[in-house]
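Participant: Build me a model:
(one chain, ligands or ions: 2)
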Amino acid sequence: MKKYGAKARLTVTVDKGVLKSAKEAAERKRIPLSRLIETFLNFFAKPDVYCFKCGERFSSTETELCLKCGWMRCPKCKVCGCKLSEETAVAIFHMRKVYEDLLAGRIKS
Ligand SMILES: [Zn+2]
Ligand SMILES: [Zn+2]
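Facilitator: Ligands and ions are numbered 1, 2, ... in the order given. Got it, this is the predicted structure:
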């Protein structure tokens, strides 16, 4: 779990319905809404991903892209999309889309 420093106040305006269902979901999971927002903002600024091959967790801001396939290269095992079968690459591509929808853009660009 990441450690955070001093707190700052954030005032945002969001859709009423979204806020209501988020509050309910947060209550069910017993997670303060402010912690959720903090986690997301941290993810947005510095998305961490896991290598699909070796499972190493690495920061997308600290890794390089393969020039051939355009995927992030794992800093530990150096794997990228080039060695994957088309079927596997498509599966991973679609899972990564969840991240990119959340981030409103590419994980790394
Ligand atoms: Zn790896
Ligand atoms: Zn590649």
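Participant: What count of nearby residues applies to residue 91?
Facilitator: Other residues near residue 91 come to 13 when the count uses other Cβ atoms under 10 Å. All C-beta atoms are positioned from the backbone trio N, CA, C, and that covers glycine.
Participant: element containing it, please.
Facilitator: Assigned by DSSP states H and E, residue 91 belongs to helix 86-103.
Participant: Say whether ligand 2 is contacted by that helix.
Facilitator: No. Interface with ligand 2: helix 86-103 contributes nothing (Cβ under 5 Å from the ion), its closest point being 10.0 Å away.
Participant: Helix, strand, or coil at residue 49?
Facilitator: Following DSSP: H, G, I helix; E, B strand; the rest coil, we place residue 49 in the strand state.
Participant: Is it correct that it is in contact with residue 99?
Facilitator: Yes. Using Cβ atoms under 8 Å, residue 49 is in contact with residue 99, at 7.4 Å.
Participant: Now list whatever residues contact both of the two.
Facilitator: residue 107 (Cβ atoms under 8 Å, 6 or more residues apart in numbering).
Participant: that's a strand at residue 58, yeah?
Facilitator: Yes. With three-state DSSP as the criterion, residue 58 is part of a strand.
Participant: and the closest residue to it other than its chain neighbours, how many neighbours?
Facilitator: Nearest non-adjacent residue to residue 58, counting by Cβ to Cβ, 6 or more residues apart in numbering: residue 75, 5.3 Å away. Using other Cβ under 10 Å, the number of residues around residue 75 comes to 13.
Participant: who touches residue 75 in this structure?
Facilitator: 56, 58, 62, 63.
Participant: May I ask which two of these are separated the most?
Facilitator: Maximum pairwise distance among those (Cβ to Cβ): 12.0 Å, between 56 and 62.
Participant: give me the low-pLDDT residue ranges for this protein?
Facilitator: Applying pLDDT under 70 to the chain picks out residues 1-3, 109.
Participant: Near ligand 1, which residues of it are found?
Facilitator: Residues of the chain lying near ligand 1 (Cβ under 5 Å from the ion): 51, 53, 54, 56, 74, 76, 77.
Participant: Can you report phi and psi for the second one?
Facilitator: So the one you mean is residue 53. phi -100, psi -60 (degrees, to the nearest 10).
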